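> Generate a structure from the sequence data that follows.
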Amino acid sequence: MSAARIPRLVRWARARRGALVFGALLAVALGALAAGTTRRPPPDAIAWPAGREQVYALSWTTHATSRALSGAPASDGEPPALESRVTLEGRLVLASYGAEGDATVLTARFEDLTRVDVSALGRDLLPSLDAARAELEGKSAELALKPSGEIADVRFRPRDPALFRYLMRAVVAELALELRAPANGTWTAASVEGPSGQGPVRFARAPERPLVVTRTRERYDTLLAWPLGAPPPQKLDSAAEIRLEPSGVLGELTDRETLEAARPGRANDVTSTTTFSLRRREERRFDASTRPDGFAPAAAAPEAGTETAEQRRERLARRSEGVTIDSIVDDLRVYSVVPEGKSTRWAWVASGYLELHPEKSAELAGRMRELDTNAKALTIDLLMTVGHAEAQAAIVGALRDGLVAPGVERALLLQRLARIERPTKATAVFVSELYAAAKAAGDVPTRRSAAIALGGLVSGLAETDRLAARELDDPLVLDLHAATDPKDREILLLSLGNAGLEEDAIAIRLSSTHASYEVRAAVATALRRVDSPEIRRTLLALFADPHPRVQLDALTSLDRRAPTEGDLEVMLATLEKGGVDDGNLEALLNYLARRKDAAIAKAMLDLIASRDDIDARTRARAARIREGA
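Numbers count the residues shown, from 1 in each chain. Predicted structure coming up:
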C-alpha cells in the first residue's frame, strides 16, 4: 500500500482581547520596566536542552486518494481511486540526549493516545484504540536534528512495526525547518519533505513577530502517491506556522495543506487534505546519561575459514575440470526434462565452475534466451545454489532485461528467489521494486510471486542487515492490512511467514478469524517460525477450527515447538469435544509420538485408542504409541 503521508490540523488564530485603557497602561508599565534591561534577541537556532523531554499535544488528520496506484479496471474511463485516512490524537514526546557532531540527538515516541483511526481501501488497519496503543506506544524513533531545524536523520529499531514507522516518520516530517536570518526575512529551501512528497518550501520571519516562522510549500517535485515519473500539474494550498519560545524551544506548530494533482483532461489523479498541530504542554527532566541503542543494525561477522584462497581455487579447478558455459547449457537442457532426483552431480560440477569463475554467471544467464521455461528454472536454481553476488546479479539481469517472458513464466520463476539463502541487499531491493511496479501496473501474477519471493529474501537479509530487511518487509505488512481480496491476503500472509520476523506476528494474527478458510490456514502456516504465548493461543484456536486444512496447518506449526502443559490441555479439550477432523488423526498421532511421555499426551492417545467410530488401524496405532511411552 502506498498511502501518501498526508497532513495536518487546522491553523488556530490567536486573538488578543482586552480593554484599550488597560492595554495602554500595561504598555507604559512594561516600557518603564524594559528601560533598565537589555531586550532578549530572538533565537537563531532551535533549542533542545539535554536531559529534558518536551511533551506536545498532537492532533493530525489526513485524507488521501490516488488513481496512479490503482490496478483495478476503469468503469468510466478513469480507474478507481485508492483511498487512505489517518486520524491521530494524543501526545508526542521529544527527549533530548544532547549534541552529537553538528546535530542534537532526540528520541520521539507516542504517549497517551486518545484517538487513532487508520484506514486504507475502506479497511481499518487498527481495529481498536487498545490495538493502536499496543502497536504504537512504547516504541521510539531516534532523530538527529540540526540547530536550524533541518532533519538530518530518522532511525528506527529493526523490529518496530510497519505502521509505527510510517506514522512516526510522517509526524517527524512536520518538524522540518531551516531557520535562517536573511536581510529580507524570507528564504527558500530547495527540497523539504512534506505530507505528500518532497519539493521547495518558502520560509518567512517578520521583524514584528521574531518568534514565529511561516512555512509555505510552493509545489511537490515528487509525490509519494505518483510513482510514474514527474507528477502531474498541481493545485496546492499550503500554510504552516512554527512558534518558538524565547529560549528557542519549539512551542507550537500548525500546518494545513490541500493538494489536487491531475493530468490534463483527467479527474484528480492525487488528492490530499491534511491538518496538523503540536502544542507544547510541559517539560520534564529525565536521565540522559545513557542513550538508547538498537537503532542501527549489527552486521554479523563472517566466520573465519581454514581453507586458503589458493587451496579453494585448486579444489574448485579439479572439481570443474573441462566444464564450459556451453557444457552447462547442454546439461541444463538434458536435466530439465529428467525426473527430479535422478542426478545432481552435474549441478555440483557446474556450481564449482561458477564459484571459480563468478564473472561467467552473467554469460550463463544470457543463454536463458535459448531455453524453455523448465530449463530457465533450472538455470535460476543453479545460480541460487552458487549464491555469490555475481550469480544473484545475473538472476536479476535475466528478470530485468527480458530474458524471462512477462506473465506466467516470470511469475513462476520469480517466486523461486525466496530460496536464496544469503541474498544481497541489491537482490532484495530489486524484487521489492518489482513488487511495487507490479502493484502500480495491475500485474497480479507478478505482484503475488514477487510478494512470496520478497518474504524469503527478507528472512535471509535479516541475518546480516535487520534494519534493511525491516524496511523491505514494511510494504508487505501495510498491504496485508489493506488487502480486501482473500487470495491477496493469503499470499501476503504466506510471504510474511517466509520472512519470519517476530514483529509481524500481530499483523498476521489479526486475520485468524477471517471468513476464508484459506486465509485462516495461511495464518497458521505463517506463524510457524515465530513463538510467543499469544502466537500459541492463536495456533491452538486454529487447531480447533472447523475446517480440516486449517487444523492440519495449525498442528504442523505447533509441531515446530515444545508444548507447555497448558498447550496440551487445550489440545486434549479440543479432541474431547470432537473438534479434530478424522482425517487429521494420523497427523495428530505423529505429533503425540514425539511427546508420548507427557501425561496429557498419554490421555490423548488413550482417547483415540478407545474410539470405535474411527478406522481400526488408527486406533491400533494410538495404542502402540501409548504402550511404547
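
> Tell me the helices and strands packed up against the longest helix seen in the chain.
Longest helix in the chain by number of residues, with DSSP state H as the criterion: helix 444-462. Helices and strands touching helix 444-462, by 3 or more CB pairs under 8 Å, 6 or more residues apart in numbering; DSSP states H and E, are helix 408-414, helix 425-441, helix 466-482, helix 486-499. Yep, even glycine has a C-beta here, placed from its N, CA and C like the rest.

> Turn those helices into JSON lines, including distance to Thr271, mean neighbour count and mean pLDDT.
Listed next are these as JSON lines, based on distance: least, CB to CB, whole Å; neighbours: other CB atoms under 10 Å; pLDDT from 0 to 100:
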{"stretch": "helix 408-414", "distance to Thr271": "33", "mean neighbour count": "19", "mean pLDDT": "91"}
{"stretch": "helix 425-441", "distance to Thr271": "18", "mean neighbour count": "20", "mean pLDDT": "95"}
{"stretch": "helix 466-482", "distance to Thr271": "18", "mean neighbour count": "23", "mean pLDDT": "93"}
{"stretch": "helix 486-499", "distance to Thr271": "25", "mean neighbour count": "24", "mean pLDDT": "96"}
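
> For Leu125, which of the ones you listed is the nearest?
Closest approach to Leu125 among the helices and strands packed on helix 444-462 (CB to CB): helix 466-482, 4.0 Å.

> So for Gly352, which of the helices and strands packed on helix 444-462 sits nearest?
Taking the helices and strands packed on helix 444-462 one by one with CB to CB, helix 425-441 is closest: 22.0 Å.

> Could you tell me the angle between the closest one and helix 444-462?
Orientation of helix 425-441 against helix 444-462 (axes from the mean of the first three to the mean of the last three CA atoms, to 10 degrees) gives an angle of 150 degrees.

> before we move on, the earlier item: what is the mean pLDDT for the longest helix of the chain?
When pLDDT is averaged over helix 444-462, the result is 95.

> quick one, that helix and helix 466-482 angle?
Angle of helix 444-462 versus helix 466-482, following the same axes, to 10 degrees, is 150 degrees.

> could you check the angle helix 486-499 makes with helix 444-462?
Using the same axes, to 10 degrees: helix 444-462 against helix 486-499 is 20 degrees.

> For helix 444-462, buried residues please.
By 16 or more other CB atoms under 10 Å, the buried positions in helix 444-462 come out as 444-462.

> try stretch 216-224
Those would be Thr216, Arg217, Tyr220, Leu223, Leu224, for stretch 216-224 by 16+ other CB under 10 Å.

> possible to save the helices and strands packed on helix 444-462 as CSV with distance to Ala622?
Below are the helices and strands packed on helix 444-462 laid out as CSV (distance: least, CB to CB, whole Å):
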stretch, distance to Ala622
helix 408-414, 42
helix 425-441, 46
helix 466-482, 39
helix 486-499, 31
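
> and Pro210, which of those helices is closest to it?
helix 466-482 (40.3 Å).

> Put the alpha carbons of the closest one into CSV.
This file holds the C-alpha atoms of helix 466-482, laid out as CSV (Å, rounded to 0.1, in the frame of the first residue of the first chain):
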residue,chain,number,x,y,z
ARG,A,466,18.0,-6.4,10.1
LEU,A,467,17.0,-2.8,9.5
ALA,A,468,17.2,-3.1,5.7
ALA,A,469,15.1,-6.3,6.0
ARG,A,470,12.5,-4.5,8.1
GLU,A,471,12.2,-1.6,5.6
LEU,A,472,11.6,-4.1,2.7
ASP,A,473,9.1,-6.0,4.8
ASP,A,474,7.1,-2.9,5.7
PRO,A,475,5.1,-2.7,2.4
LEU,A,476,4.1,-6.3,2.8
VAL,A,477,2.7,-5.6,6.2
LEU,A,478,0.9,-2.4,5.1
ASP,A,479,-0.6,-4.2,2.1
LEU,A,480,-1.8,-7.0,4.3
HIS,A,481,-3.7,-4.5,6.4
ALA,A,482,-5.3,-3.0,3.3
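
> How much space separates the residue nearest the centre of the chain from Thr385?
In the chain, the residue lying closest to the centroid (CA atoms, centre = their mean) is Asp474, at 0.9 Å. Asp474 is 30 Å from Thr385, where distance means CB to CB, to the nearest Å.

> cool, and Arg369?
Remark: distance between Arg369 and Thr385 (CB to CB) = 21 Å.

> Tell me the secondary structure of Ala230, please.
coil (DSSP: H, G, I helix; E, B strand; the rest coil).
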